[in-house]
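Novice: Structure of the sequence below:
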Amino acid sequence: MLARLAVTPAQYRRVAYISLAALTLIVMSGAAVRLTDSGLGCANWPKCGGTPLPPLSSHALIEFGNRAVSAIVGIITVVAAVLAFTRRPYRKDLAILAVLLPLGVLAQAVLGGFTVLEHLAPGFVMAHFSLSMLILIAAVALAWRATFEPGSRPRSNDRSGVWAVRALLPLAALTIFAGTATTAAGPHSGGVTGQHVHRLHFKGADTLTWLVHQHATIAAVLGVAVIGVWFLHRHRGASERLVEPLTVLGVLLAAQGLVGSVQYELHLPSDMVWVHVSLATITWLVVLWSVAAAGQLVPRAAPVPAGSPAAEAGSHELELAGRLD
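Specialist: Residues are numbered from 1 along each chain as shown. Purely as a prediction, here's the structure:
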């Protein structure tokens with residue numbers, strides 16, 4: 001059976017990218033559920049009502065459809081995990097990352113159930129989206145590692161350049177977290193009129209405005225940081241392999257700023273909020289792409305203890321070199 005399921009590195013690379021695409025799709029699908037006020041379209045979980053099929057209402061069908069898509073995505077990730085063990089040659093790093101994907105989808109399903117049972121409480125909704133971003137980290141890592149064989153890419157000596165790109169990751173995560181909090185305080189609760197859904201209101205009626213301003217400020221800082229890192233690598237003559245994702249990231253952040261400003265002026269229409277969330281997901285993927293493209297650093301040389309044979313040999317060599325000079 002294992003022999004029949006054996007896949008080549010090229011075949012598994014395609015499987016990894018299909019898993020990444022599926023996990024990205026489910027994030028956008030989940031956002032659509034919320035923004036169509038269908039978050040409580042199914043009154044219970046895991047069933048949708050008292051029958052195997054959902055009630056004939058748009059909200060129930062949308063919520064049930066999202067659950068069906070989640071199940072398909074779960075199957076895809078299970079296939080990716082199984083094939084990671086039948087890939088030839090076998091790679092332990094790919095197997096570990098692949099196993100994380102179905103575990104993440106399972107955790108999402110359980111967290112989604114609690115989110116429904118808690119009537120879309122802001123903390124659960126924010127955690128639901130944040131977990132999706134964490135799963136995408138594993139999916140991008142799997143796809144990227146499956147693309148290259150171990151040792152095929154040289155390590156970088158540019159420590160400041162690599163760490164500058166890596167510093168964008170926590171800043172992007174903070175920006176997305178602020179965005180989820182803003183949505184949790186906004187008009188799109190995920191429920192229809194008459195359904196009681198809690199919203200963030202720690203500053204009363206000014207909570208949404210305050211969060212919008214904080215989110216915009218953090219996003220602006222991220223944009224400036226991306227521009228700075230882009231100029232740093234252009235000045236140092238970095239390869240197009242690294243400059244390309246940074247360029248795409250800068251364009252995406254500019255588009256996000258435009259969409260965010262327009263949607264705020266238009267009082268947050270649901271379709272524009274969905275575009276904003278979708279762009280945020282793609283931006284997160286490009287940040288991960290940038291970090292991966294920056295590569296790994298050459299390990300620092302370990303200091304040689306004084307008095308060791310290696311240190312004494314080194315001192316004799318220096319002494320001999322001085323005499324020759």
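Novice: okay, CA-based contacts and neighbour counts for the rest of this
Specialist: OK.
Novice: Where does the record place the domain boundaries for this protein?
Specialist: For the chain, automatic domain parsing gives the domain ranges 1-150, 154-325.
Novice: Please identify the deepest-packed of these.
Specialist: A comparison of the domains of the chain by mean neighbour count, using mean count of other C-alpha atoms under 10 Å, puts domain 1-150 on top with a mean of 19.
Novice: got the residue ranges for the helices in the stretch 201-325 of the chain?
Specialist: Taking DSSP state H, counting those that start in this stretch as the criterion, the stretch 201-325 of the chain carries its helices at 207-235, 240-265, 270-294, 309-324.
Novice: avg pLDDT for the third one?
Specialist: Spelled out, it's helix 270-294. Average pLDDT, helix 270-294: 94.
Novice: Next, the angle helix 240-265 makes with that helix.
Specialist: Taking axes from the mean of the first three to the mean of the last three C-alpha atoms, to 10 degrees, one finds helix 270-294 and helix 240-265 inclined to each other by 160 degrees.
Novice: now for helix 270-294, which elements pack on it?
Specialist: Applying 3 or more C-alpha pairs under 8 Å, 6 or more residues apart in numbering; DSSP states H and E, one finds that helix 270-294 contacts helix 9-35, helix 122-147, helix 159-166, helix 168-185, helix 240-265.
Novice: again, only this time at 6 Å
Specialist: For helix 270-294, the contact count by 3 or more C-alpha pairs under 6 Å, 6 or more residues apart in numbering; DSSP states H and E identifies helix 159-166, helix 240-265 as packing neighbours.
Novice: Between helix 159-166 and it, find me the angle.
Specialist: Put simply, helix 270-294 runs at 160 degrees to helix 159-166, going by the same axes, to 10 degrees.
Novice: Show me what helix 270-294 is in contact with.
Specialist: Under the contact criterion C-alpha atoms under 6 Å, 6 or more residues apart in numbering, helix 270-294 has outside partners Met28, Leu35, Val162, Val165, Arg166, Leu242, Pro245.
Novice: Doesn't Leu63 lie inside a helix?
Specialist: No, residue 63 isn't Leu; it's Glu. Yes. Counting by DSSP: H, G, I helix; E, B strand; the rest coil, Glu63 is found in a helix.
Novice: contacting residues for it?
Specialist: Shown in contact with Glu63 (C-alpha under 6 Å, 6+ apart): Ser38, Gly41.
Novice: try it again with 10 Å
Specialist: Neighbour list for Glu63: 29-30, 32-34, 36-42, 48, 54, 69 [criterion: C-alpha atoms under 10 Å, 6 or more residues apart in numbering].
Novice: worst average pLDDT in the domains of the chain?
Specialist: When the domains of the chain are ranked by mean pLDDT, domain 154-325 comes last with a mean of 83.
Novice: Return the distance of it from the chain's centre.
Specialist: Remark: domain 154-325 is offset 11 Å from the chain centroid, using C-alpha atoms, centre = their mean, to the nearest Å.
Novice: And for stretch 145-155?
Specialist: Relative to the centre of its chain, stretch 145-155 is centred 21 Å away, using C-alpha atoms, centre = their mean.
Novice: That one: end-to-end distance?
Specialist: This stretch, stretch 145-155, spans 14 Å end to end (C-alpha to C-alpha, to the nearest Å).
Novice: follow-up on the earlier one: with respect to Leu97, which of the helices of the stretch 201-325 of the chain lies nearest?
Specialist: Checking the helices of the stretch 201-325 of the chain against Leu97 by C-alpha to C-alpha gives helix 270-294 as the closest, at 14.8 Å.
Novice: Double-check that Cys48 belongs to a helix.
Specialist: No. Counting by three-state DSSP, Cys48 is not part of a helix but coil.
Novice: Leaving out sequence neighbours, find the closest residue to it.
Specialist: Cys42 (4.6 Å; C-alpha to C-alpha, 6 or more residues apart in numbering).
Novice: what helix or strand does that neighbour sit in?
Specialist: Using DSSP states H and E, Cys42 falls within no helix or strand.
Novice: Test my guess that it contacts Ile62.
Specialist: Yes. Assessed by C-alpha atoms under 10 Å, Cys42 is found in contact with Ile62 at 9.2 Å.
Novice: if I look at those two, which residues touch both of them?
Specialist: In contact with both Cys42 and Ile62: Pro54, using C-alpha under 10 Å, 6+ apart.
Novice: if I pick the spatially closest residue to Asp158 that is not a sequence neighbour, what's in contact with it?
Specialist: Excluding its sequence neighbours, the residue lying closest to Asp158 (C-alpha to C-alpha, 6+ apart) is Leu297, at 7.4 Å. Applying C-alpha under 10 Å, 6+ apart to Leu297 gives the contacts Pro154, Arg155, Ser156, Asn157, Asp158, Arg159, Val162, Trp163.
Novice: can you redo the residues you listed as TSV with distance to Arg87?
Specialist: Shown next, in TSV, are those (distance: C-alpha to C-alpha, whole Å):
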residue	distance to Arg87
Pro154	24
Arg155	25
Ser156	29
Asn157	32
Asp158	34
Arg159	34
Val162	31
Trp163	33
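Novice: Quickly name whichever of those is closest to Leu131.
Specialist: Closest approach between those and Leu131, by C-alpha to C-alpha: Trp163, at 24.6 Å.
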